[in-house]
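Visitor: here is my input; please provide its structure:
(one chain, ligands or ions: 1)
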Amino acid sequence: MKERNPWHTPLTIIIAVIGVIAIVALVTIAVLQNKPLIPKYKYGIVLDAGSSHTAMYIYEWPAEKDNNTGRVEQTHCCKVSGSGISDYASDPKLAGESLKACMRDAERFVPSERHEETPLYLGATAGMRLLNIKDSAASDRVFQAVSESLQKSPFSFQGARILSGQEEGAFGWVTVNYLDDRLEQGLETTGALDLGGASTQISFISDSFDGSESPSNYVAFRLYGNDYNLYTHSFLCYGKDQALRMALAHQTQSGPGSIVDPCFNNGYSAVKNYSVLYESPCVSGRKPSSAPQTFTHTGKGNFYECQEVVKSIFNFTECKYSQCSFNGIFQPTLQGTYGAFSAYYFVMKFLNLTDTSVPLQSVKEALARLCATPFDTLKKQHPEVKLKFLNEYCFSGTYIFTLLTEGYNFTSRTFSDIKFIKKIKGSDAGWTLGYMLNLTNMIPAEAPDTPLLPHAGYVSVITVIALVLFVLFILSLRPLWPRCSQKPQIV
Ligand SMILES: Nc1nc2c(ncn2[C@@H]2O[C@H](COP(=O)(O)OP(=O)(O)OP(=O)(O)O)[C@@H](O)[C@H]2O)c(=O)[nH]1
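Guide: Down below sits the predicted model:
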């Protein structure tokens, strides 16, 4: 005869089965209901039409979070070959054509089902600002040509325009702080130092600045529930390439047939054209009245003399405010840390000077050594570096050093607050991301509501509660449990 298991009553079996089914259903619903959907992304494309070249950036963010909570990241960058669009003034069609290879790239990187809805922006900076000053009709023709070319792309072209210097500075600041998660978390912000080819920007928050002393340098932001009084200034003509033009103009004021330049290494020699040098509005007013067609530009490589030449392109005396950087431009007291990008990074990386914990004196000595190196030796030491960059590192390094210390007033104490950066968490530092975040309303003025628990926490809590409920349910049925003391039934 078999002894009957007291648990094998129909009632307990039914209760157990229902309980298990209920738990499985509850947990499954919790997991599926709140699980992030299979990642689907949205995209935005920004073309940075700079003075020296154009670059295309593709950004992506989770599609289900586009109302302000998803993180935007750069997924691809394409460098347009050739020069900046402002250099196509005499043949604008070529400016449009130059963008085609990168636009084909974009068609591959953005999934085709997203093409039509993906916004495409072109923002032009100091190269086009200068062309617009020099010849606004030519600038219009270039925009016409690039717009026609971009309209043919499958993306949603939102227009091509010149950014003001203020926008360029402010959006660079937004990018750096967004990528560092400083805005969303309401942390102390980082200043932004951007050195382009034709202009340079400085942007930072200073407690002493509320915009009243110099309203033209003031940008107010309300981001994620915090207010920011941003100081920003863009110095047109003080990008690396135009600054070099101004330094050369200073040395060729009298129209000589040759100059010996301390900012170029000994052994460097090139024949340059006066009309090409003086064609930029940054120097055109200073063209010598009588000069030969060309001049021979040779180097003698002396950092200290070069610094004197570089200083000559700044006006340090004029200032109608309580304090100025240079050229009579107001600048509040420097505060906090700074991210320095674009040419700051390229040059300081080459010079092995991105570590700002070294004393300023050591930076000076490194520059003095570089400038004193004969050009042939430099070429042998760096066969991989493009000559057009190698030629200019003595000038560029000296210019950056002078701009930061004499121009913006960084001292041996505050120099270490600067970090030379190219990318932050995989995205390039620059104005483009901030520009797109602004135009797509991706940064809310107020902090968005966040769920009480993250997804994993939510599922765990639901599971634990379900188990507790099940155990309580079973315990509540205790009166129905078969008694152990009961005599086993004989069947
Ligand atoms: N040494 C070095 N210089 C570079 C490199 N790439 C670009 N540059 C130079 O760095 C400077 C700044 O470049 P960008 O940041 O692209 O500036 P841009 O957008 O053309 O100029 P703006 O219109 O003034 O903003 C220019 O003088 C470029 O020629 C590089 O890889 N190495």
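Visitor: same for the lengthiest strand in the chain, what does it pack against?
Guide: Taking DSSP state E as the criterion, the chain has its longest strand at strand 226-236. Using 3 or more CB pairs under 8 Å, 6 or more residues apart in numbering; DSSP states H and E as the contact test, the elements touching strand 226-236 are helix 126-134, helix 165-179, strand 199-205, strand 218-223. Heads up, the C-betas are built off the backbone N, CA and C, glycines and all.
Visitor: would you turn the ones you listed into TSV with mean neighbour count?
Guide: Formatted as TSV, the helices and strands packed on strand 226-236 follow (neighbours: other CB atoms under 10 Å):
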stretch	mean neighbour count
helix 126-134	23
helix 165-179	26
strand 199-205	27
strand 218-223	16
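Visitor: possible to save the ones you listed as JSON lines with distance to the ligand and mean pLDDT?
Guide: Shown next, in JSON lines, are the helices and strands packed on strand 226-236 (distance: least, CB to the nearest ligand atom, whole Å; pLDDT from 0 to 100):
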{"stretch": "helix 126-134", "distance to the ligand": "4", "mean pLDDT": "98"}
{"stretch": "helix 165-179", "distance to the ligand": "7", "mean pLDDT": "98"}
{"stretch": "strand 199-205", "distance to the ligand": "4", "mean pLDDT": "98"}
{"stretch": "strand 218-223", "distance to the ligand": "18", "mean pLDDT": "97"}
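Visitor: any chance of the ones you listed in CSV, plus distance to residue 21?
Guide: Below are the helices and strands packed on strand 226-236 laid out as CSV (distance: least, CB to CB, whole Å):
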stretch, distance to residue 21
helix 126-134, 68
helix 165-179, 48
strand 199-205, 58
strand 218-223, 49
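Visitor: still on that earlier bit, ok, and what's touching the longest strand of the chain?
Guide: Strand 226-236 has contacts (CB atoms under 8 Å, 6 or more residues apart in numbering) with 126, 129-130, 164-166, 168-170, 173, 183, 186, 189, 198-206, 209-211, 217-222, 242, 282, 325, 327, 329-332.
Visitor: what's the answer for stretch 400-420, then?
Guide: For stretch 400-420, contacts defined as CB under 8 Å, 6+ apart pick out 193, 195, 200, 202, 238, 243, 307, 310-311, 314, 316, 325-326, 331, 334, 336-341, 343-345, 347-349, 353-354, 356-357, 359-361, 363-364, 367.
Visitor: what about the closest residue to the ligand within the stretch 351-491 of the chain, how many residues nearby?
Guide: Across the stretch 351-491 of the chain, the shortest distance to the ligand (CB to the nearest ligand atom) belongs to residue 389, at 3.7 Å. Neighbours of residue 389 under the rule other CB atoms under 10 Å: 14.
Visitor: which residues sit in contact with it?
Guide: The contact partners of residue 389, taken as CB under 8 Å, 6+ apart, are 346, 350.
Visitor: now swap in residue 167 and tell me
Guide: 431, 435.
Visitor: residues in the stretch 351-491 of the chain within reach of the ligand, list them.
Guide: residue 389 (CB under 6 Å from any ligand atom).
Visitor: can you show me the helices along the stretch 351-491 of the chain?
Guide: Assigned by DSSP state H, counting those that start in this stretch, the stretch 351-491 of the chain shows helices spanning 360-372, 375-381, 387-390, 393-402, 431-439, 455-476.
Visitor: of those helices, flag the one that's most buried.
Guide: Neighbour counts (mean count of other CB atoms under 10 Å) averaged over each of the helices of the stretch 351-491 of the chain peak at helix 393-402, with a mean of 26.
Visitor: still on that earlier bit, so what's the residue of the stretch 351-491 of the chain closest to the ligand scoring on pLDDT?
Guide: At residue 389 the predicted local confidence, pLDDT, stands at 98.
Visitor: measure stretch 153-169 end to end?
Guide: Stretch 153-169 stretches 29 Å from its first residue to its last (CA to CA, to the nearest Å).
Visitor: what's the mean pLDDT across stretch 331-345?
Guide: On average, stretch 331-345 scores 98.
Visitor: phi and psi next, for residue 294.
Guide: Here is the backbone geometry of residue 294 (degrees, to the nearest 10): phi -130, psi 170.
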